[in-house]
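In: Here is a sequence with its predicted model. Questions after.
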Amino acid sequence: MKQLKSIALALVVALGTLTASAQTTKKVDAAASKVEWIGKKFTGQHNGTINLKEGAIVFKGKKLAGGNFTVDMTSINTTDLEGKGKASLDGHLKADDFFGVEKFPTSQLVFKTIGTKANNTYQVTADLTIKGITKPITFDMVVDKNTATAKLMIDRTKYDIKYASVGFGAMADKAINDEFELNVNLAF
């Protein structure tokens, strides 16, 4: 009888350990999530949004363990302009010298390594694919209940987006910063 109790106790402990370390995948609510971009240039900046097509966040217990996301590049939308200026910039961003959305309608982000920085704050290294080119990127992500936020700084020249880059011959007063910013707010 004592041996049976010991076996039962061992099973309870083992199942508890498995449950605590089990992975859970949470689908991201694309409609409730928001991705905002900021592109800066010598004479100012522009900002807008881009839609998340789909995504998932993986947890091991309560800790962030993975993630993958697909962004709809055809949804690039400038929010600080109206009329012809907005239409012109949206069209240019979708053209081949920027994101080439006809040939590359989506971009992907896949988490590779995750380290804990502080309570609910993680340092994520991921593979980012834009225009069919994949490069690593590192950023911080804060997870709070059913939301997560991150700010990504992306060097566009690594993805063959060289239009108006000083490093590729643009005059300083016509130059667009090589880095653009993405502010991501995920709901899941």
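Out: Yes, it's here.

In: Check which element follows the least confident helix or strand in the chain by mean pLDDT along the chain.
Out: Lowest mean confidence among the helices and strands of the chain (mean pLDDT, DSSP states H and E): helix 2-21, at a mean of 48. Later in the chain than helix 2-21, the nearest helix or strand by DSSP states H and E is strand 23-27.

In: Quick check: buried residues in that next one?
Out: Under the neighbour-count criterion of 16 or more other Cβ atoms under 10 Å, strand 23-27 has Lys26 buried. Quick note: C-beta positions are derived from backbone N, CA and C, even for glycine.

In: So which elements touch it?
Out: When contacts are defined as 3 or more Cβ pairs under 8 Å, 6 or more residues apart in numbering; DSSP states H and E, strand 23-27 packs onto strand 44-60.

In: Pull up the pairing partners for the strand it packs on, direction included.
Out: Applying DSSP bridges, strand 44-60 is found paired with strand 23-27 (antiparallel), strand 34-41 (antiparallel), strand 63-78 (antiparallel).

In: Name the residues of that strand that are buried.
Out: His46, Asn47, Gly48, Ile50, Asn51, Leu52, Lys53, Gly55, Ile57, Val58, Phe59.

In: Just the closest of those residues to Thr157, please.
Out: The closest of the buried residues of strand 44-60 to Thr157 turns out to be His46 (Cβ to Cβ; 18.0 Å).

In: okay, and for this structure, where does confidence drop off?
Out: Low-confidence segments of the chain, defined by pLDDT under 70: 1-21, 169-174.

In: Go again with 50.
Out: When residues are selected by pLDDT under 50, those of the chain lie in 4-19.

In: Geometrically speaking, which residue is the centre of it?
Out: Residue closest to the average C-alpha location in the chain (Cα atoms, centre = their mean): Leu109, at 5.8 Å.

In: Could you give the bridge partners of that one?
Out: Beta-bridge pairing of Leu109 under DSSP bridges involves Phe69, Leu128.

In: Do I have it right that it meets Ile130?
Out: No - the criterion here is Cβ atoms under 8 Å, and Leu109 misses it with Ile130 at 9.5 Å.

In: Now do Lys63 against Thr70, distance only.
Out: Distance, Lys63 to Thr70, using Cβ to Cβ, to the nearest Å: 24 Å.

In: Which one's more surrounded, these two?
Out: Thr70 (18 against 13; other Cβ atoms under 10 Å).

In: If we ignore the residues flanking it in sequence, what's nearest the more buried one?
Out: Using Cβ to Cβ, 6 or more residues apart in numbering and skipping residues adjacent in sequence, the residue nearest Thr70 is Lys53, 4.4 Å away.
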